[in-house]
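J.: give me the fold of what follows.
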Amino acid sequence: MTIVMARGICLEEFDERFEAISLRGRLRPLNRMADIFDAIEPGAFSVIILDAWYRFMASGADENGNNDQAQMYNLVDQFARKTGASFVLIHHATKGNQADKKVTDVGAGGGAQSRAADTHLVIRPHEEEKMFVIDAAVRSFPPLSPVCARFDWPVFNLDQEMDPGRLKTSSRSRAANPSQRQ
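T.: Numbering: from 1, shown residues only. Below you'll find the model as predicted:
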């Protein structure tokens, strides 16, 4: 609601087209959520967002295990087919500076994730305060150019004047890679 108000969007414009279901305190692993997705009428949603990805892992599954990650993505594919919706998986980055990594290598966990997702979108800090670089790697579409966005709480606003090649780095990596371009 905060973002809707900040953007000046009239809630009635999309109220019946948006549904948020919080699973906080009653989260289940993805492999035990078939009943939720089976109850969704095909075509009822165009996008389903799971946040945060690691919280949907089964007990004992390994975030770094390629087999475990492949099974998770197979479930997402199955649920996408059943619902007719695209899935957005919110995932966390590995610890440390992400500036020198490829877009597909920013997410924590097994490499199967890098190969399974159709699109990877990352938001990384820019050298300038409150500025971020939004970059993506896509599989089935023409490549996208990175863009800069200023975070003015609670929203990001694109800034076409900023150079997306100026990712914030540690002083050590800046000396080793002055171009900073991915």
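J.: all strands of the protein, in order?
T.: Listed in chain order, the strands of the chain (DSSP state E) span 47-51, 86-90, 119-125, 131-138, 147-152, 155-158.
J.: so where's the longest helix in the chain?
T.: Secondary structure assigned by DSSP state H gives helix 66-83 as the longest helix of the chain.
J.: got the strands of the chain as JSON lines, with mean neighbour count columns?
T.: To be clear about C-beta, it is placed using only N, CA and C from the backbone, and glycine gets the same treatment. Formatted as JSON lines, the entries for those read as follows, by neighbours: other C-beta atoms under 10 Å:
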{"stretch": "strand 47-51", "mean neighbour count": "14"}
{"stretch": "strand 86-90", "mean neighbour count": "16"}
{"stretch": "strand 119-125", "mean neighbour count": "18"}
{"stretch": "strand 131-138", "mean neighbour count": "19"}
{"stretch": "strand 147-152", "mean neighbour count": "16"}
{"stretch": "strand 155-158", "mean neighbour count": "13"}
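J.: now Asp105. Nearest residue, chain neighbours left out?
T.: Nearest non-adjacent residue to Asp105, counting by C-beta to C-beta, 6 or more residues apart in numbering: Ser114, 6.6 Å away.
J.: tally of neighbours for that neighbour?
T.: Residues lying near Ser114 (other C-beta atoms under 10 Å) number 17.
J.: enumerate every residue touching it.
T.: Contact partners of Ser114, counting by C-beta atoms under 8 Å, 6 or more residues apart in numbering, are 104-105, 107, 120.
J.: for Leu11, which of the strands of the chain is the nearest?
T.: Nearest to Leu11, of all the strands of the chain, is strand 155-158, at 15.9 Å by C-beta to C-beta.
J.: neighbouring contacts of that closest one?
T.: Identification of contacts with strand 155-158 by C-beta under 8 Å, 6+ apart yields 3, 6-7, 123, 132, 134, 147-150.
J.: per-residue confidence averaged over it?
T.: When pLDDT is averaged along strand 155-158, the result is 97.
J.: of the strands of the chain, which is nearest Gln69?
T.: Of all the strands of the chain, strand 86-90 sits nearest to Gln69, with 10.9 Å by C-beta to C-beta.
J.: how far off centre is the closest one?
T.: Centroid displacement of strand 86-90 relative to its chain, using C-alpha atoms, centre = their mean, to the nearest Å, is 7 Å.
J.: give me the sheet partners of it and which way each runs.
T.: Paired neighbours of strand 86-90 in the sheet (DSSP bridges): strand 47-51 (parallel).
J.: outside of the strand it pairs with, which residues touch it?
T.: 30, 56, 76, 79, 83, 85-90.
J.: run through the chain and note the low-pLDDT ranges.
T.: The model of the chain has pLDDT under 70 over residues 171-182.
J.: which residue is nearest the middle of it?
T.: Among the residues of the chain, the one closest to the centroid is Ile90, at 3.9 Å (C-alpha atoms, centre = their mean).
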